[in-house]
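Asks: this is a predicted model, with the sequence first.
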Amino acid sequence: MGIEIERKFLLKGEGWRGLGQPTLMRQGYLTADPVRTVRVRIEGERAVITIKSKSTGATRGEWEYEIPVPDAAELLDRLCEQPLVEKVRHRIEYAGHTWEVDEFQGENAGLVVAEIELGSEDEAFEKPDWIGQEVTGEKRYYNSSLIRLPYAKWKNPA
């Protein structure tokens, strides 16, 4: 079984802009049940289907498989729940870790979050000065939640 240990943060300031290589992503969910999610994603010229288990803390099971881009596009357009999640991801290297900064588009425009994947939940890491409040485990920030309640409809955005 694959394991994902990920922590998620809001950003403060614009110090991250211009860092890392931006990549456009489109993703949708075949199921976004809290116990299991099945996601289809096109990231640049690559497409994957990902199955994730329920989170326990910052940890959950994850299985990811590459699929043909035309198949992913058809799944996104015909079978995935709408609206799709569209974002530009910036992968930024900092102090021995890769930060993934997601700048959301469409109905989630205005939301920007950063994630870091770790080897264990208690692994130490250094935060860049543009990292703000931690939102790990706050369900409204899950991509799978943003299809049901997009950022534009939040009553109290961060």
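Replies: The structure has been received and is ready for your questions.

Asks: CA only for contacts and neighbour counts going forward, please
Replies: Will do.

Asks: by contact count, what packs against the lengthiest helix in the chain?
Replies: Using DSSP state H, we find that the single longest helix of the chain is helix 69-78. Contacts defined by 3 or more C-alpha pairs under 8 Å, 6 or more residues apart in numbering; DSSP states H and E place helix 69-78 against strand 21-33, strand 36-43, strand 46-53.

Asks: may I see the buried residues of that helix?
Replies: By 16 or more other C-alpha atoms under 10 Å, the buried positions in helix 69-78 come out as 69, 72, 73, 75, 76.

Asks: can you tell me which of the helices and strands packed on helix 69-78 is most buried?
Replies: Comparing the helices and strands packed on helix 69-78 by mean neighbour count (mean count of other C-alpha atoms under 10 Å), strand 36-43 ranks first with a mean of 21.

Asks: what's across from residue 41 in the sheet?
Replies: Judged by DSSP bridges, the bridge partners of residue 41 are residue 27, residue 48.

Asks: the residue nearest to residue 26 when sequence neighbours are not counted: which element?
Replies: Leaving aside its sequence neighbours, residue 26 sits nearest to residue 86 (C-alpha to C-alpha, 6 or more residues apart in numbering; 4.6 Å). Residue 86 belongs to strand 85-94 when assigned by DSSP states H and E.

Asks: report the mean per-residue pLDDT for that strand.
Replies: Averaged over strand 85-94, pLDDT sits at 96.

Asks: show me the contact partners of it.
Replies: Here strand 85-94 makes contact (C-alpha atoms under 8 Å, 6 or more residues apart in numbering) with 19-28, 98-106, 108, 126, 128, 143, 146-147.

Asks: can you count the residues close to the residue nearest to residue 26?
Replies: Residue 86 has 22 neighbouring residues, counting by other C-alpha atoms under 10 Å.

Asks: what of residue 80?
Replies: Neighbours of residue 80 (other C-alpha under 10 Å): 20.

Asks: point me to the helix or strand that includes it.
Replies: Using DSSP H and E, residue 80 falls within no helix or strand.

Asks: what does the pLDDT read for it?
Replies: With respect to pLDDT, residue 80 scores 96.
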